[in-house]
Every structure is written in structure tokens, then in C-alpha cells.
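S.K.: predicted structure and sequence below. I'll ask about it afterward.
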Amino acid sequence: MFSLLIRLVTIIFFYSTTLNATIYDNVTLSLFSKIIPRIVLMSSQKEQIKETIDLCIVGDKIDERVALTMIDKLTDTYPNGINNHLLKLTNTTYSTIEKCQSSQLIFLLSSNEQNIDKAVQYTHKHRAISMSYDPLYLENGVQVSLFLGRKVTPYLNINELRKNGIDVDNLLIRISKIYLSEGEK
């Protein structure tokens, strides 16, 4: 039953991304909400944590409801924080991404290529992890996404993480699918 659900989610996910429009799936958002804070804790970004893990959700104005849903899911999943760290959650648009300045991880909802590229540059400048709902954005330099196959696994763009000076735990590397660009294959 679970396998069928994962396949259905995968089909919906890939179908929506091929239409250049994204239909956000509630199950997929729940999966991301469980993984996002753990990515920070399994990277060198954990050294930047003072009291809170700062996460920023960035999307177009039209996706504000989706961003708020994601914030609700993160809050429901980690009501008392994780590993003695509360979550500080920020919701903003691509045009006001500066609100993410202190974030350890910036989660990107789907947008046009110009916004994604601007957000990736911003994450590099501020040494934050970039993570996207759509794994196709790994081509644009996003560092982390999810691979939805038979198993749900983190999808890491190791070269972009290294360029940004972010190290990840060996365990995270072992359980992840590694993204390789066309030139690296």
C-alpha cells in the first residue's frame, strides 16, 4: 500500500513539473517537513545554530498558502523543536528574500528560472543551504532536494555544497542520492 502511495506521489510530482506548473502534494510537503531540520543538523550549518534553527520558506506570492502549509507542517512535526533547538520559521517571496539573511536553510518553492537563480546566488552569498521542492532545480545550483522513487531519499548536489563551503555528515552522504550534472556524468 505504501509503495503504491509513493509511486502515485512520484507520478503526480513528475507530471506537474513537466507542465511548468507545480501542484504541491500534501504528502510530499509532509516528507520535506520531516527532513528539512535534519539536513541542517547533518551539515556544517549546525555550527551556526545559536538557540534556534532558522529556516526560510521562499515562494511566489501565488504560493503563499503552500508556504504557510509548510510552516504548519514543520510546527506540527517539531512542536518542541529538535535536539534542544526551537525552529524559527520565516515565510517570504523571491522579491524579499533578504528576510532569510540569518537562515541556515532556505527552502525554495517552484518559480521561474530567474527567481531560482537569484535565490541560489543569495544562498551562496549568505552560506545557507538551498533546498527545493522540485529536484529539477539541482541543475540550477540548488544543493538539496528529495528523490521520490521506491524510497524517499535526500538528493544532494555535492559540488554546489562544496562550492558554498558546506560539509555534510558521512551518514547523510551514504543515505542520499548524489546529483551529477551532465558534465560530471
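M.R.: Alright, I've got the coordinates. The shown structure was predicted, so the numbers you read here are calculated from the model rather than taken from an experiment.

S.K.: center of this protein - which residue?
M.R.: For the chain, the residue whose C-alpha lies nearest the mean C-alpha position (C-alpha atoms, centre = their mean) is Met131; its distance is 2.6 Å.

S.K.: right, and that one touches Gln143 too?
M.R.: Yes - here Met131 reaches Gln143: they are 6.9 Å apart, a contact under C-beta atoms under 8 Å. In short, each C-beta sits where N, CA and C put it, glycine included.

S.K.: any stretches of this protein with poor pLDDT?
M.R.: In the predicted model of the chain, residues 1-22, 183, 185 satisfy pLDDT under 70.

S.K.: hey, where'd the helices end up in it?
M.R.: 2-18, 26-41, 64-77, 113-125, 158-163, 170-175 (DSSP state H).

S.K.: can you lay out those helices as CSV showing distance to Glu182 and mean neighbour count?
M.R.: Putting these into CSV (distance: least, C-beta to C-beta, whole Å; neighbours: other C-beta atoms under 10 Å) gives the following:
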stretch, distance to Glu182, mean neighbour count
helix 2-18, 18, 13
helix 26-41, 25, 18
helix 64-77, 30, 17
helix 113-125, 17, 17
helix 158-163, 12, 16
helix 170-175, 22, 12
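
S.K.: make JSON lines from the ones you listed and add distance to Thr92 to it.
M.R.: Shown next, in JSON lines, are these (distance: least, C-beta to C-beta, whole Å):
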{"stretch": "helix 2-18", "distance to Thr92": "23"}
{"stretch": "helix 26-41", "distance to Thr92": "16"}
{"stretch": "helix 64-77", "distance to Thr92": "8"}
{"stretch": "helix 113-125", "distance to Thr92": "10"}
{"stretch": "helix 158-163", "distance to Thr92": "22"}
{"stretch": "helix 170-175", "distance to Thr92": "27"}
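
S.K.: out of these, flag the one nearest Asn83.
M.R.: Among the helices of the chain, the nearest to Asn83 by C-beta to C-beta is helix 26-41 (6.1 Å).

S.K.: hey, what's the angle from that closest one to helix 64-77? Just curious.
M.R.: For helix 26-41 against helix 64-77, the angle by axes from the mean of the first three to the mean of the last three C-alpha atoms, to 10 degrees is 60 degrees.

S.K.: dump the C-alpha coordinates for helix 26-41 into CSV.
M.R.: C-alpha atoms of helix 26-41 as CSV (Å, rounded to 0.1, in the frame of the first residue of the first chain):
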residue,chain,number,x,y,z
ASN,A,26,0.4,17.3,0.8
VAL,A,27,2.3,14.0,1.3
THR,A,28,5.4,15.4,-0.3
LEU,A,29,5.2,18.6,1.8
SER,A,30,5.0,16.4,4.9
LEU,A,31,8.1,14.4,3.8
PHE,A,32,10.0,17.7,3.4
SER,A,33,8.8,19.0,6.8
LYS,A,34,10.4,15.9,8.5
ILE,A,35,13.7,16.2,6.6
ILE,A,36,14.4,19.9,6.4
PRO,A,37,15.6,20.5,10.0
ARG,A,38,17.6,17.2,9.9
ILE,A,39,19.5,18.4,6.9
VAL,A,40,20.7,21.4,8.9
LEU,A,41,21.8,19.2,11.8
